[in-house]
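Peer 1: sequence first, predicted coordinates after that:
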Amino acid sequence: LPADAYPEIAFQLGADIPFFLAGGAQWMAGVGELLTPCALPGDIFILLVNPGLHISTKEVYTSLSPELTSPRPAAMVPTSLETFAELLSYVTNDLDSVVQTQYPIIASLKARLVDLGADAALMSGSGSTVFGLYSQEKNCKAAQDVLRDEFPEFWIQGARVL
């Protein structure tokens, strides 16, 4: 197949599949199929926590009020982020408010990540994975150890963002 056929085939498999084929940091638009590469600053560490809940993406989007989304014009999205603080200014998820009301554990996990030193904590997509962003690897690893003790039934994994 020609290389330009992959994004279309990938999109038919799932809206966020093109992201995984593209590699690297990407701004996602549309339903996840429109990608723009973005360079990230220095070392960033992430801690993923999945409580094992099934959250219906369709139900989340059905519950989403159109006023909650506020798309930024493409011209306002930078092609690189120079500092960790600048990256944090873009950390947002419009689906958070919908999911947190139905699944309070999501809000609790986000708060716990911040309590354990995360510079930011957010839900990934429509859930149920929550993640913390860390500028310091030692903080990420320490939080991972604490959360694994507190929630042995959850899937918890830390990593360096490449």
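Peer 2: Yep, that arrived. Just so it is clear, the structure is predicted and the values come from calculations on it, not from any experiment.

Peer 1: count the residues that sit near the nearest residue to Arg112 once chain neighbours are set aside.
Peer 2: Closest residue in space to Arg112, ignoring its immediate chain neighbours: Leu147 at 7.1 Å, by Cβ to Cβ, 6 or more residues apart in numbering. Where you see a C-beta, it was placed from the backbone N, CA and C, and this is true even at glycine. Neighbours of Leu147 under the rule other Cβ atoms under 10 Å: 20.

Peer 1: now the one helix or strand Leu147 maps to: mean pLDDT?
Peer 2: Assigned by DSSP states H and E, Leu147 belongs to helix 137-150. Averaged over helix 137-150, pLDDT sits at 97.

Peer 1: kindly report the same for stretch 106-120.
Peer 2: 95.

Peer 1: which residues touch the spatially most central residue of the chain?
Peer 2: Nearest to the mean C-alpha position of the chain, by Cα atoms, centre = their mean, lies Ser124 at 3.7 Å. Neighbouring residues of Ser124 by Cβ atoms under 8 Å, 6 or more residues apart in numbering: Leu48, Asn93, Val130, Phe131.

Peer 1: which strand residues bridge the third one?
Peer 2: Beta bridges link Val130 to Val49, Met123, judged by DSSP bridges.

Peer 1: check whether it really touches Val114, as I assumed.
Peer 2: No: if you go by Cβ atoms under 8 Å, Val130 and Val114 don't touch, sitting 10.8 Å apart.

Peer 1: wait, the residue nearest to Arg112 sits on Gly117?
Peer 2: No: using Cβ under 8 Å, Leu147 is not in contact with Gly117; the gap is 11.4 Å.

Peer 1: how about the helices in this protein?
Peer 2: In the chain, helices defined by DSSP state H lie at 6-13, 17-22, 57-63, 84-88, 96-102, 104-115, 137-150, listed in chain order.

Peer 1: contact partners for Ser63?
Peer 2: When contacts are counted by Cβ under 8 Å, 6+ apart, Ser63 is found next to Val98, Gln102.

Peer 1: check which helices and strands the helix holding Leu147 sits against.
Peer 2: Helix 137-150 sits against strand 44-50, helix 104-115, strand 130-134, strand 155-161, with contacts defined as 3 or more Cβ pairs under 8 Å, 6 or more residues apart in numbering; DSSP states H and E.

Peer 1: hey, which of those is tucked in deepest?
Peer 2: Among the helices and strands packed on helix 137-150, strand 130-134 has the highest mean neighbour count (mean count of other Cβ atoms under 10 Å), at a mean of 25.
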